[in-house]
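A.B. asks: Structure, please.
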Amino acid sequence: MWRPRITAGGSKRRQRDRVVRPGAPAAPAAAPAEPAPAAMAAIPPPPPPTDTPPPTIALKQTKAQVVAIFGQPTKVVKLATKEIDYYPDMKVTFVNDKVTAIE
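C.D. replies: This is a model prediction of the structure:
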């Protein structure tokens, strides 16, 4: 059985009712429920890795061999018998048309 009670405003309410005082902040609204994630479409697996090793160069190779492997350099600096070819990720030094250093 319920019993009436007198609140601060003087009205009668059931005990189970919540009393809201004038000027008091309202209770925060419940956060909306997040929708269930949509089923993802089947994603195909990535292609298998290639078994070819990355291109490499060695000392004493000619400039023609290096260009055949890596293509044209982005920059070339010539100093007498020394030539430095710049590629995006390395620098190749030639002396008398042979690889002498790779950085």
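A.B. asks: what about this structure, any weak spots by pLDDT?
C.D. replies: 1-33, 35-40 (pLDDT under 70).
A.B. asks: for this structure, what spans make up the strands?
C.D. replies: Using DSSP state E, the strands of the chain run over residues 5-6, 12-13, 75-79, 82-87, 90-95, 98-102.
A.B. asks: Now do the same contact list for Pro73.
C.D. replies: Residues in contact with Pro73 (CB atoms under 8 Å, 6 or more residues apart in numbering) are 67, 85-87, 92. All C-beta spots, glycine's among them, are computed from the backbone N, C-alpha and C.
A.B. asks: So how do I select the buried members of those residues in PyMOL?
C.D. replies: With 16 or more other CB atoms under 10 Å as the burial test, the buried ones among the contacts of Pro73 are selected in PyMOL as follows:
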select buried, resi 85+87+92
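A.B. asks: follow-up on the earlier one: would TSV of the strands of the chain with distance to Thr50 be doable?
C.D. replies: TSV is the format used below for the strands of the chain (distance: least, CB to CB, whole Å):
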stretch	distance to Thr50
strand 5-6	80
strand 12-13	76
strand 75-79	29
strand 82-87	21
strand 90-95	21
strand 98-102	23
